[in-house]
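Enquirer: any chance you could fold what I've pasted below:
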Amino acid sequence: MPELPEVETVRRGLEPALSGARLARVRANRPDLRFPLPDGFVQRLTGAKILRLDRRAKYILAPLDRGDTLVMHLGMTGRFEIAAPAGSVRPGDFAREVTPDDKHAHVVFETEEGATVTYYDPRRFGFMDLIPTDRVSHHPWFATMGPEPLGDGFDAKTLEKAFEGRKQGPKTLLLDQKTVAGLGNIYVCEALHRSHISPFKPSGGIAKKRLGPLTTAIKDVLAEAVEVGGSTLKDFAAADGALGYFQHRFRVYDREDEPCPTPGCKGVIAREVQAGRSTFFCPVCQV
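Expert: Numbering: from 1, shown residues only. Below is the predicted model:
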């Protein structure tokens, strides 16, 4: 499933085509994705102006001038492709182009400026909804979310509060969206390795002085991944139809049995299943 950097990459890719644009035509080629599309979906969007594009955790939010916000989630295989007028610039630095299958083109947005943005989703695990803008933060999807990891509201004190007295490992708590919004398996593995913290150590036993470096590692690994367009795994691609390549910078994720990249460490990257997910770590330098 796309994680925060992938979703932020898509948001940035869509921004030139959709932010400030008025939707001239909207087409829904089926009545549902993961969930049914909201009543009047096409009618409520047609003619509406998208004021801006935001992101909250792994959701893309498009507030409209009619008082609703279009909320979009990519699920596992959801992606957008932009067809803009000749000469338009598509932001991002990506590895290679991919071509989607038209039979999976489920929702199409056409703007008055001439851009066509198509949402593809082979497995239909993604979803869209329209929520009154003044109620978005109270919606069940968002009401209990923690702070954004790339925002000023996320710091060592956030983790001190979340970890205090807890027996669960830090990876489990960092994946809890109530602790911090939008973190996923890949980047938690990477951040814990950078900060040399075991994913299995009881969180309440981690010295407070180590939480500052951990928050820095989380911010750094996410920022680096956003810069290069995320980590494309299997079906995911950015909004301009191209693949991200942060996977070439992975230190531990999907590198089982390879030497630990930490200078001077003689460890070998190991993999264990933790809460149903693969955890990659170095048993020597992560303590």
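Enquirer: quick check: closest non-adjacent residue to T46.
Expert: V26 (5.1 Å; C-beta to C-beta, 6 or more residues apart in numbering). Bear in mind the C-beta positions are built from the backbone N, C-alpha and C, glycine included.
Enquirer: go on, L18?
Expert: I50 (5.1 Å).
Enquirer: with I60 instead?
Expert: That would be M72: by C-beta to C-beta, 6+ apart, it lies 4.5 Å from I60.
Enquirer: pLDDT weak spots in the protein?
Expert: Scanning the chain for pLDDT under 70 picks out 1, 85-100, 229-249.
Enquirer: how is it partitioned into domains?
Expert: What automatic domain parsing lists as the domains of the chain is 4-138, 156-281.
Enquirer: and those as TSV, adding distance to G146 and mean neighbour count?
Expert: TSV is the format used below for the domains of the chain (distance: least, C-beta to C-beta, whole Å; neighbours: other C-beta atoms under 10 Å):
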stretch	distance to G146	mean neighbour count
domain 4-138	9	17
domain 156-281	5	18
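Enquirer: pipe the ones you listed into JSON lines and attach distance to L150 per row.
Expert: Listed next are those as JSON lines, based on distance: least, C-beta to C-beta, whole Å:
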{"stretch": "domain 4-138", "distance to L150": "8"}
{"stretch": "domain 156-281", "distance to L150": "6"}
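Enquirer: for P147, find the nearest of the ones you listed.
Expert: Of all the domains of the chain, domain 156-281 sits nearest to P147, with 6.1 Å by C-beta to C-beta.
Enquirer: that closest one spans what distance, first to last residue?
Expert: 22 Å (C-alpha to C-alpha, to the nearest Å).
Enquirer: one step back: list the contacts of the residue nearest to T46.
Expert: The contact partners of V26, taken as C-beta atoms under 8 Å, 6 or more residues apart in numbering, are F41, V42, L45, T46, V107, V108, F109, E110.
Enquirer: repeat that with 6 Å
Expert: V42, L45, T46, F109 (C-beta atoms under 6 Å, 6 or more residues apart in numbering).
Enquirer: how long is stretch 39-49 end to end?
Expert: End-to-end distance (C-alpha to C-alpha), stretch 39-49: 19 Å.
Enquirer: what does that stretch contact?
Expert: R22, L23, V26, A28, L64, D65, R66, L130.
Enquirer: the fifth one: what's it in contact with?
Expert: So the one you mean is L64. A48.
Enquirer: just L33 next, same as before
Expert: L33 neighbours (C-beta under 6 Å, 6+ apart): R124, G126, F127.
Enquirer: what's the first-to-last distance across stretch 179-187?
Expert: 15 Å.
Enquirer: stretch 51-71 now?
Expert: First-to-last distance for stretch 51-71 - C-alpha to C-alpha - comes to 13 Å.
Enquirer: check stretch 40-55 too.
Expert: One end of stretch 40-55 to the other measures 24 Å (C-alpha to C-alpha).
Enquirer: element containing the residue nearest to A275 when sequence neighbours are not counted?
Expert: Nearest residue to A275, sequence neighbours excluded (C-beta to C-beta, 6+ apart): T172, at 5.8 Å. Per DSSP states H and E, T172 falls inside helix 170-174.
Enquirer: again, but for H193
Expert: Counting by DSSP H and E, H193 is part of helix 185-194.
Enquirer: in JSON lines: the contacts of stretch 39-49, plus secondary structure.
Expert: Listed next are these as JSON lines, based on DSSP: H, G, I helix; E, B strand; the rest coil:
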{"residue": "R22", "secondary structure": "strand"}
{"residue": "L23", "secondary structure": "strand"}
{"residue": "V26", "secondary structure": "strand"}
{"residue": "A28", "secondary structure": "strand"}
{"residue": "L64", "secondary structure": "strand"}
{"residue": "D65", "secondary structure": "coil"}
{"residue": "R66", "secondary structure": "coil"}
{"residue": "L130", "secondary structure": "strand"}
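Enquirer: out of those, which is nearest to F281?
Expert: Nearest to F281 among the contacts of stretch 39-49, with distances taken as C-beta to C-beta, is L130, at 41.6 Å.
Enquirer: surely the closest one touches D68?
Expert: Yes. Contact criterion C-beta atoms under 6 Å: L130 and D68 qualify, at 4.6 Å.
Enquirer: ok, back up a step: CA atoms only: put the helix holding T172 into PDB for me.
Expert: Only the C-alpha atoms of helix 170-174 are listed here, as PDB (Å, rounded to 0.1, in the frame of the first residue of the first chain):
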ATOM      1  CA  PRO A 170       8.200   1.000  19.000                       C
ATOM      2  CA  LYS A 171       7.300  -0.200  15.500                       C
ATOM      3  CA  THR A 172       3.900  -1.300  16.600                       C
ATOM      4  CA  LEU A 173       3.200   2.100  18.200                       C
ATOM      5  CA  LEU A 174       4.600   4.100  15.300                       C
END
